[in-house]
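J.: give me coordinates for this.
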Amino acid sequence: MSDLTTAVLDGDLRASAIAREQGSVAVPELTRLLGNPDPWVRIVAVRSLGELPQPPALAALLLTAADADGMVAREAIEQLERYPDQLEAGRLLAALERAPDPTARRLLSLALGRTPVSDEDLARLAARCQGERVEEAKTGCLAALARTGNPDAQAAFGRRVDAARGRERVEIIRLLEYIGRRWVIDTLSGMLDDQDDAIFLNLEIAPDQPRFMRVCDLAAGAIIRMTRAQVSFAAALPTRYSAAQLDEVRRIAPSLLRE
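T.: Residues are numbered from 1 along each chain as shown. Reported below is the predicted structural model:
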C-alpha cells in the first residue's frame, strides 16, 4: 500500500502534502479512494485532489460534488472553488442536477452564477430553480440567476429580502453582495434603518463593545465594499457604525447609483 493511500485511509491530513509532491500521478489513486464507504476517507481524498488543479482531478471533484454524504459533497465544492477559471457551466449543471444534498445544490448554483454561461445553460438553471423544493437550495439558485441579470429571479429574490427579518438577513446580505448588480445598492440602502441584531460578537475579544452587530452595520459594510466608496471612517468589520457614519453611507449610495 502506498504512502498516499495509507495516509488517506488513516484520515491523515498530511495526505494533501503527499499528493502535492506526487502531482498528476496521484490522481488515479485518489479517485479510487473516493469510492471508500467511510465519508472521512473520502473527505481526505477530496482535499488531496484539491491540491492538483488538473482536468482529471477537477473531473473527479465534480463527480464528488454530488456525493450522497453532504459533508463530502460540500468539501468537493470548496476545493473546486479554488479554481474558478477552470470550471465549466455544463459540468457544474450536471453536478447540480445529481446532487442530493440541499446545501451542495445551493453552493453549486452560486458557483454557476460566477461562471460564464450560455443561454441554454441559463435555461437549464432556471428550470432547475423552478423545480427546487428546498428553500435553502432555491434561494441560492435564485441568487445565481439574479447575478446573471434574470429579471424574474431578481424579483423573486427581492421578495425574499422583504420577508427576511433580523438574523435571516445576514445570509440575504451576503447573497446581495454576491449578486453585485447596481439595484442591490438601493436594496441594501433600504436596510440602513434596520437596527435588528444580526451577528453575535465575541465579548472575550472586545468586552466593552455591544453584544451584536446589527443588520444596518452589515448592509453599510456591503455597500462600502461593493462601491469601494471612500468614507471618512474605518470601515472594517466587525463593528457597529455610529448614526453619523450610517448617514454618510446613505448620502453616498444614491450618488453611486446615478453614476
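
J.: in terms of secondary structure, what does the helix or strand where residue 32 lies contact?
T.: If you go by DSSP states H and E, residue 32 is part of helix 27-33. Applying 3 or more CB pairs under 8 Å, 6 or more residues apart in numbering; DSSP states H and E, we find helix 27-33 packed against helix 3-9, helix 39-49, helix 55-64. All C-beta spots, glycine's among them, are computed from the backbone N, C-alpha and C.

J.: mind listing what's buried along that helix?
T.: Along helix 27-33, these residues count as buried under the neighbour rule (16 or more other CB atoms under 10 Å): 27, 29, 30, 31, 33.

J.: please state the offset of that helix from the chain centre?
T.: Distance of helix 27-33 from the chain centroid (CA atoms, centre = their mean, to the nearest Å) equals 27 Å.

J.: mind listing residues that contact that helix?
T.: Contact with helix 27-33 is made by 2, 4-5, 8-9, 19, 41-42, 45, 48-49, 52, 54, 56-57, 60, as judged by CB atoms under 8 Å, 6 or more residues apart in numbering.

J.: filter those down to the buried ones.
T.: The neighbour count (16+ other CB under 10 Å) marks 4-5, 8-9, 19, 41-42, 45, 48-49, 52, 57, 60 as buried among the contacts of helix 27-33.

J.: can I get those residues in TSV including pLDDT and distance to residue 113?
T.: Below are the buried ones among the contacts of helix 27-33 laid out as TSV (pLDDT from 0 to 100; distance: CB to CB, whole Å):
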residue	pLDDT	distance to residue 113
4	93	35
5	93	37
8	95	32
9	95	36
19	95	30
41	96	31
42	97	27
45	97	28
48	97	28
49	97	24
52	95	25
57	96	23
60	97	23
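
J.: for residue 69, what are phi and psi?
T.: Here is the backbone geometry of residue 69 (degrees, to the nearest 10): phi -90, psi 120.

J.: what's the neighbour count on it?
T.: Number of residues near residue 69 (other CB atoms under 10 Å) recorded here: 18.

J.: wait, it sits on residue 37?
T.: No. Checked against CB atoms under 8 Å, the pair residue 69 and residue 37 is beyond contact range at 10.0 Å.

J.: I'd assumed residue 199 was in a helix, is it?
T.: No. Applying DSSP: H, G, I helix; E, B strand; the rest coil, one finds residue 199 to be strand, outside a helix.

J.: now the helices and strands packed on helix 27-33 in JSON lines, with distance to residue 181?
T.: As requested, the helices and strands packed on helix 27-33 are arranged in JSON lines below (distance: least, CB to CB, whole Å):
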{"stretch": "helix 3-9", "distance to residue 181": "43"}
{"stretch": "helix 39-49", "distance to residue 181": "33"}
{"stretch": "helix 55-64", "distance to residue 181": "28"}
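
J.: residue 242 is nearest to which of those helices?
T.: Minimum separation from residue 242 across the helices and strands packed on helix 27-33 (CB to CB) falls at helix 39-49, 43.1 Å.

J.: contacting residues around the closest one?
T.: Outside helix 39-49, the residues that touch it by CB under 8 Å, 6+ apart are 4, 7-9, 11-13, 15-16, 18-19, 26-27, 30-31, 33-34, 36, 57, 60-61, 64, 67, 69, 71-72, 75-76, 79.

J.: for residue 42, see how far away residue 90 is.
T.: Applying CB to CB, to the nearest Å, the value for residue 90 to residue 42 is 24 Å.

J.: report the contact partners of the nearest residue to residue 80 once chain neighbours are set aside.
T.: Using CB to CB, 6 or more residues apart in numbering and skipping the chain neighbours, the partner closest in space to residue 80 is residue 61 (5.1 Å). By CB under 8 Å, 6+ apart, the residues touching residue 61 are 46, 49, 50, 76, 79, 80.
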